[in-house]
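Colleague: Sequence and predicted model, in that order:
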Amino acid sequence: MKNFLIIPLLLFIFNSYAEPIQLSACGHHDYAPWNWKSQNKIIGACAEVTKTLFAKLGVDVDFTFVGPWKRCQNYIASGKVDINICAFKNNQRKEYSVFTKTPMGLNENAVFVRKDKKILFSAWSDLQDKIAGMVLGVSIGEEFDHFLAHHTRVERVRTFIQNFQKLAVNRVDFIPTGRFSGKAMLHAFDLSDKIIDLPHPILTGKLYISMSKKSKHLYLLPKIDRMLQDEKHLEWVDMLLKKYMQIYKKAHQLP
C-alpha cells in the first residue's frame, strides 16, 4: 500500500522540478498581417496561432527576432531554431523541415500593379515576359515559382516595401504576393492611390507550421496537427488576420 502512495508523490516532485520546455521560432520579418518584426520580436496571426497551440501542450515559444526570412530558413535547416511559424511547402524546405499535414491558414495570392498600367490577368500566361518583383527567400508555391523562373524576369530585394516602391516608379511590372499582406503595405506606406491588386487570384496557398528535422521536440508536431483540424480553426485565423491588419495599420500610420 505504501508504494501506491510513494510513487505518485515522487512523480509529483519530479514534475515540479522539471524544466519547462521552451522552443525557438522564426517567421517572415515583413509579411503583415501574417507575421512581421516588431520591437525585436516576430508578431502577427501566425505567431499567435503558434503560441496558443503550443501553450496548450505546456510549451513556451520564443519569438525573439533571429534575422530576415532567408536566415530564418537557414536556422531551421541547421537546427538552431525549432519552429517555422508559417510557410508554403516546397521541396527545398522539405529537405530540412517537417510540416504539419493540415494547413494553419489559407493565403490568397494576388497580382499587384500600378493603377495606370493596363495589365489584364486571368491566367499565369498573361504575366509572361514581364518583370516580377520578389523578396529574397519568398516562395509562392513550387509551380508558380517555376513559372516565374522560366517565363518572367525576377528581381529580388530585401523587403516588401522596397518592392512596392520599385513598382510605384515602374522599375518592375508586377508584384505577386498575399492579398492581405499587399493591402497592408499599400495602406501603411500611402501607396493605395498608385497601386492596386487585380481581382483574379494567382492561387490560394496553404501555409503550414513546420519544425526543423534536427529539433528534439518533433514529437509535438502531430499533436499540433490534430489541433489544426478543429472545424473552427480557419474562422479563428480570419479573425486574427483582421486584428493584426489593424495593429499593423496603427503602427505605421503616417503623421
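Modeller: Structure's in. What do you need?

Colleague: C-alpha only now, for contacts and for neighbours.
Modeller: Will do.

Colleague: residue ranges with poor pLDDT in the stretch 1-150 of the chain?
Modeller: 1-19 (pLDDT under 70).

Colleague: Helices of that one, residue ranges please.
Modeller: 2-17, 45-55, 69-78, 91-94, 142-151 (DSSP state H, counting those that start in this stretch).

Colleague: what do you get for the stretch 151-255 of the chain?
Modeller: For the stretch 151-255 of the chain, helices defined by DSSP H, counting those that start in this stretch occupy the ranges 160-168, 179-188, 221-228, 233-251.

Colleague: mind checking which of those is nearest Thr52?
Modeller: helix 221-228 (10.2 Å; Cα to Cα).

Colleague: Tell me how far that closest one lies from the chain's centre.
Modeller: Mean C-alpha position of helix 221-228 versus that of the full chain (Cα atoms, centre = their mean, to the nearest Å) differs by 18 Å.

Colleague: buried ones in it?
Modeller: Neighbour-count burial for helix 221-228 flags 221, 224-225, 228 (criterion: 16 or more other Cα atoms under 10 Å).

Colleague: counting contacts, what elements does it pack onto?
Modeller: helix 45-55 (3 or more Cα pairs under 8 Å, 6 or more residues apart in numbering; DSSP states H and E).

Colleague: What are the contacting residues of the helix it packs on?
Modeller: Contacting residues not belonging to helix 45-55 are listed as 33-35, 60-61, 63, 85-86, 104, 209, 224, 227, 237, 240-241, 244 [Cα atoms under 8 Å, 6 or more residues apart in numbering].

Colleague: Show the contacting residues for Thr204.
Modeller: Residues counted as contacts of Thr204 (Cα under 8 Å, 6+ apart) are 106-109.

Colleague: Just among those residues, which is most surrounded?
Modeller: For the contacts of Thr204, the largest number of neighbours (other Cα atoms under 10 Å) sits with Asn109, at 21 neighbours.

Colleague: From Ala168, how far out is it?
Modeller: Applying Cα to Cα, to the nearest Å, the value for Asn109 to Ala168 is 19 Å.

Colleague: what sits against the spatially most central residue of the chain?
Modeller: Against the mean C-alpha coordinate of the chain, by Cα atoms, centre = their mean, the closest residue is Cys86 at 3.9 Å. By Cα under 8 Å, 6+ apart, the residues touching Cys86 are 27, 46, 104, 207-210.

Colleague: For burial, what's the neighbour tally of Leu241?
Modeller: Leu241 - counted by other Cα under 10 Å - has 21 other residues nearby.

Colleague: That one against Asn35, yeah?
Modeller: No - counting by Cα atoms under 8 Å, Leu241 does not reach Asn35; the two are 9.7 Å apart.

Colleague: overlap in contacts of those two?
Modeller: With Cα under 8 Å, 6+ apart, Leu241 and Asn35 have common neighbours 44-45.

Colleague: residues in contact with the residue nearest to Lys242 when sequence neighbours are not counted?
Modeller: Computed as Cα to Cα, 6 or more residues apart in numbering, the closest residue to Lys242 that is not its neighbour in sequence is Pro33, at 7.9 Å. By Cα under 8 Å, 6+ apart, the contact list for Pro33 reads 44-45, 180-181, 184, 241-242, 244-245, 248.

Colleague: Let's test this: what are the backbone torsions at Pro33?
Modeller: When read as degrees, to the nearest 10, the backbone of Pro33 gives phi -90, psi 10.

Colleague: how close does it sit to Tyr248?
Modeller: Noted for Pro33: a distance of 7 Å to Tyr248, by Cα to Cα.

Colleague: Can you check which residues contact both of the two?
Modeller: Ala184.

Colleague: Let me see the contact set for the residue nearest to Val61 when sequence neighbours are not counted.
Modeller: Leaving aside its sequence neighbours, Val61 sits nearest to Leu23 (Cα to Cα, 6+ apart; 4.9 Å). Contacts for Leu23 (Cα under 8 Å, 6+ apart) come out as 59-62, 81-83.
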